[in-house]
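*Asks:* Following is a predicted model, sequence given first.
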Amino acid sequence: MSRTRKNHPAGFKAKVALSALREDAPVSELALKYGVHATVIHRWKKEAIASMEAGFSGKLEKVDGDHKAEIRELHAKIGQQSVELDFLERASSRLGLGGVKKW
């Protein structure tokens, strides 16, 4: 019988990681309390620390700006390709090449 993976919401992960960071109880007790394996708690704790470091160092703002520029560039490519596709469809219909395939 196969087991399905649990998808925990971000709020739950944050709560468990914060408990581990505060050291409210040993990780083994937290694992029993929240029903999550201890290695998962350790991983969430490391991810929380890494994201805090990125937040304080200003790396999150840089990444957000990079994504916005990349999105603008991709939107421009999509626009260019749709114009080219329209041109080619009109040209093929004028030449009588018939059935244009739509993907």
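*Replies:* Alright, I've got the coordinates. Numbers count the residues shown, from 1 in each chain.

*Asks:* use CA for all of it now, contacts and neighbours both
*Replies:* Will do.

*Asks:* chain center to the lowest-mean-pLDDT helix or strand in the chain, what's the gap?
*Replies:* Lowest by mean pLDDT, DSSP states H and E among the helices and strands of the chain is helix 59-94, with a mean of 85. Centroid displacement of helix 59-94 relative to its chain, using Cα atoms, centre = their mean, to the nearest Å, is 21 Å.

*Asks:* Repeat that for stretch 9-26.
*Replies:* With Cα atoms, centre = their mean, you get 21 Å for stretch 9-26.

*Asks:* Contacts made by that stretch with the rest, please.
*Replies:* Contact with stretch 9-26 is made by 27, 30, 34, 41-42, 44-45, 48, as judged by Cα atoms under 8 Å, 6 or more residues apart in numbering.

*Asks:* pLDDT (mean, whole number) over that stretch?
*Replies:* Mean per-residue pLDDT for stretch 9-26: 92.

*Asks:* List the buried residues for it?
*Replies:* 13, 16-21 (16 or more other Cα atoms under 10 Å).

*Asks:* where does Ala31 land in three-state SS?
*Replies:* helix (DSSP: H, G, I helix; E, B strand; the rest coil).

*Asks:* how many other residues sit next to it?
*Replies:* Neighbour count for Ala31, taken as other Cα atoms under 10 Å: 18.

*Asks:* can you put the buried residues of stretch 9-26 in TSV and add distance to Glu53 and secondary structure?
*Replies:* Below are the buried residues of stretch 9-26 laid out as TSV (distance: Cα to Cα, whole Å; DSSP: H, G, I helix; E, B strand; the rest coil):
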residue	distance to Glu53	secondary structure
Lys13	18	helix
Val16	18	helix
Ala17	15	helix
Leu18	15	helix
Ser19	18	helix
Ala20	17	helix
Leu21	14	helix
